[in-house]
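Undergrad: Can you look at this prediction? I've put the sequence above it.
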Amino acid sequence: MSVNSYADDLSSAVHFALETTHAIAVCPFHLGVTIRIGDDAAESHAVARARKLVKSDGTAWQGEVLRKEFVRQLSKAADRYCPHCAMFGDAVATQDNADVNRSHSSGDDYENETQFACEGCGDLVELERAKLRDDIGSVDKDRNAFLNGSLEAMAIIERLSREHRNIEALLVVLERELEIFDRGGRPDYEVIRAIISYFEIYPEVYHHPQEDLVFAKLELRDPAAAAKVGDLALEHQKGAERLRRVAQAVDGVLADREVLRQNVDHIVRDFIDHERHHIMMEDRDFFPAALEALEPQDWNEIASALTNHQDPLFSEAAEETFDALRARILQLEQEAEAERH
């Protein structure tokens, strides 16, 4: 489904805007539950994004129509966590150290707490805390393997979802720089080049291959669910091609070649829109399907094949290449905080 097809339907357009700005999330364990996870700034950002969506006939949605649909969807959303997960205990135990159950099974003493959480679009919402020592000490081998697989599953999906949020932060920066360019100003090309470099390095080399591992298991366990997700490898390839077009367009501008501003705008905006659409699809369809279909042994095998390469922008040991980009992200965060007050 194209980006425009979402824009043509009011409900889908508003949901797209809310989800891609992380104002809401969908519980992967209860797909009918939408969770309100963002603050006022996120919801305001969603409204601004919805206003910019262009329908296939070239028009945009009217403000009052959008306002009523935003009110309708946000009023139906659960506040901060999934009520079903909270009430019936369907949340999956997660923690930073996935090896905790191994230490328990070997009799090691463990006093740290594990968080039970409803995982919506990667944002863990705390429901309650409980110590697992007594429970894990008595489980048999199969139960222990199942728990380990569950921990691995949540750790992997949380990591991929967190990377989606990082990517969205970069798309926001790129969108702001494009707005400056569209007004005839000079955007920060150092920041733009850093964004392009990031996409060339991390998503292409690490993030997408990790998703491909999960998708390969999904194709084996649930071909119908995999078919609904689509050809993930092809989508990643198309994304790389769109990124190359962005890099070529920016290089053309910097080389003072004659380039129409509207062509540059179309190339960059096409990249931004498709990236957001792709992320929304994975958060809504791919990750929940994988959590439901894959077996514990699948997650263990995926975890053993993953690399521990740190994100070159968002890790503590970030590369100097991205200093200007980090400063720009911080500036936008400070501006958003100032708007809230």
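TA: Arrived safely.
Undergrad: Show the average pLDDT along stretch 289-299.
TA: Per-residue pLDDT values across stretch 289-299 average out to 90.
Undergrad: can you check stretch 71-78 too?
TA: Averaging the model's pLDDT scores along stretch 71-78 yields 86.
Undergrad: Pull out the buried positions in it.
TA: Using 16 or more other CB atoms under 10 Å as the test for burial, stretch 71-78 gives Q73, L74, A77, A78. All C-beta atoms are positioned from the backbone trio N, CA, C, and that covers glycine.
Undergrad: What average pLDDT does the longest helix belonging to the chain get?
TA: In the chain, with assignment by DSSP state H, the single longest helix is helix 141-182. Confidence over helix 141-182 (mean pLDDT, whole number) is 77.
Undergrad: Give the next helix or strand downstream of it.
TA: Counting by DSSP states H and E, the next helix or strand C-terminal to helix 141-182 is helix 189-202.
Undergrad: picking that back up, can you pick out the ones from the buried residues of stretch 71-78 that are in strands?
TA: Using DSSP state E, the members of the buried residues of stretch 71-78 that fall in strands are A78.
Undergrad: between the buried residues of stretch 71-78, which is nearest I156?
TA: Checking the buried residues of stretch 71-78 against I156 by CB to CB gives A78 as the nearest, at 24.7 Å.
Undergrad: List the residues that contact that closest one.
TA: Listed by CB atoms under 8 Å, 6 or more residues apart in numbering, the contact partners of A78 are V33, T34, I35, R36.
Undergrad: Now for the first one, how many residues are close by?
TA: This means V33. One way to gauge burial is a neighbour count; for V33, by other CB atoms under 10 Å, it gives 20.
Undergrad: R36 now?
TA: Tallying neighbours of R36 according to other CB under 10 Å, which is how burial is gauged here, yields 21.
Undergrad: now do R183
TA: The number of residues packed around R183, counting by other CB under 10 Å, is 9.
Undergrad: ditto for A23
TA: Other residues within reach of A23 by the criterion other CB under 10 Å amount to 25.
Undergrad: next one: E200
TA: Counted with other CB under 10 Å, the neighbours of E200 add up to 14.
Undergrad: hang on, it packs against H208?
TA: No - using CB atoms under 8 Å, E200 and H208 do not qualify as a contacting pair, with a distance of 11.7 Å.
Undergrad: Can you check which residues contact both of these two?
TA: In the contact map built from CB under 8 Å, 6+ apart, no residue is linked to both E200 and H208.
Undergrad: Looking at the contacts of A78, spot the one nearest G63.
TA: In terms of CB to CB, no member of the contacts of A78 lies closer to G63 than R36, at 21.5 Å.
Undergrad: For the closest one, what are phi and psi?
TA: R36 has phi and psi values of phi -90, psi 100 when expressed as degrees, to the nearest 10.
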